[in-house]
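# Kindly return the folded structure for what I paste below:
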Amino acid sequence: QVQLVESGGGLVQAGGSLRLSCAASGRTFSNYGMGWFRQAPGKERTFVAGISWSGDSTVYTDPVKGRFTISRDNAKNTVYLQMNSLKPEDTAVYYCAADRLNYGSILYEYDYWGQGTQVTVSS
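Below is the predicted model of the structure:
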């Protein structure tokens, strides 16, 4: 089992920045690919970014490329999502997830999920 706890969400004005953190406990964190997903009210949960177990490979959904950066610190069992130039359409609950085999955009491939943290971007 892997337990994931997100933090760092909040209310920010458009153009601002937030840094989300996801702290992991349980099984060896460095064995897992990690992903960030988001879910806006009334919409499906969608992929935001993923990072390989080593941190040397990342992938992003097109709407966040150039604005968001995913990173990880395996010594701290933590994955981060730095979000810059935030837009109102980024408003959602953000979830981190762990995948034993990959770090891609397929939601059902992820094995463990956090409880989510709310990000609200005002215009």
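# Quickly find the element holding the residue nearest the centre of the chain.
The structure's the chain has its C-alpha centroid closest to residue 36; by Cα atoms, centre = their mean the separation is 2.4 Å. Taking DSSP states H and E as the definition, residue 36 sits inside strand 33-39.
# Could you pull out the buried residues of that strand?
33, 34, 35, 36, 37, 38 (16 or more other Cβ atoms under 10 Å). From N, CA and C alone the C-beta is placed, and that goes for glycine too.
# Relative to residue 1, which of these is nearest.
residue 34 (15.6 Å; Cβ to Cβ).
# ok, for that closest one, nearest residue in space, not its chain neighbours?
residue 79 (4.4 Å; Cβ to Cβ, 6 or more residues apart in numbering).
# Show me what the strand or helix carrying the one you found is packed against.
Using DSSP H and E, residue 79 falls within strand 78-83. Judged by 3 or more Cβ pairs under 8 Å, 6 or more residues apart in numbering; DSSP states H and E, the packing partners of strand 78-83 are strand 18-26, strand 33-39, strand 45-51, strand 68-73, strand 92-99.
# Render the CA-only coordinates of that strand in PDB, please.
This file holds the C-alpha atoms of strand 78-83, laid out as PDB (Å, rounded to 0.1, in the frame of the first residue of the first chain):
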ATOM      1  CA  THR A  78       7.400  13.700  -2.300                       C
ATOM      2  CA  VAL A  79       6.200  14.800  -5.700                       C
ATOM      3  CA  TYR A  80       5.500  18.400  -6.600                       C
ATOM      4  CA  LEU A  81       3.500  20.300  -9.100                       C
ATOM      5  CA  GLN A  82       4.700  23.900  -9.700                       C
ATOM      6  CA  MET A  83       1.900  25.800 -11.300                       C
END
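# Contacts for that strand next, please.
17-24, 34, 36, 48-49, 51, 64, 67-73, 90, 94, 96, 119 (Cβ atoms under 8 Å, 6 or more residues apart in numbering).
# for stretch 7-14, same thing?
Residues contacting stretch 7-14 (Cβ under 8 Å, 6+ apart): 18-23, 86-88, 93-94, 117-123.
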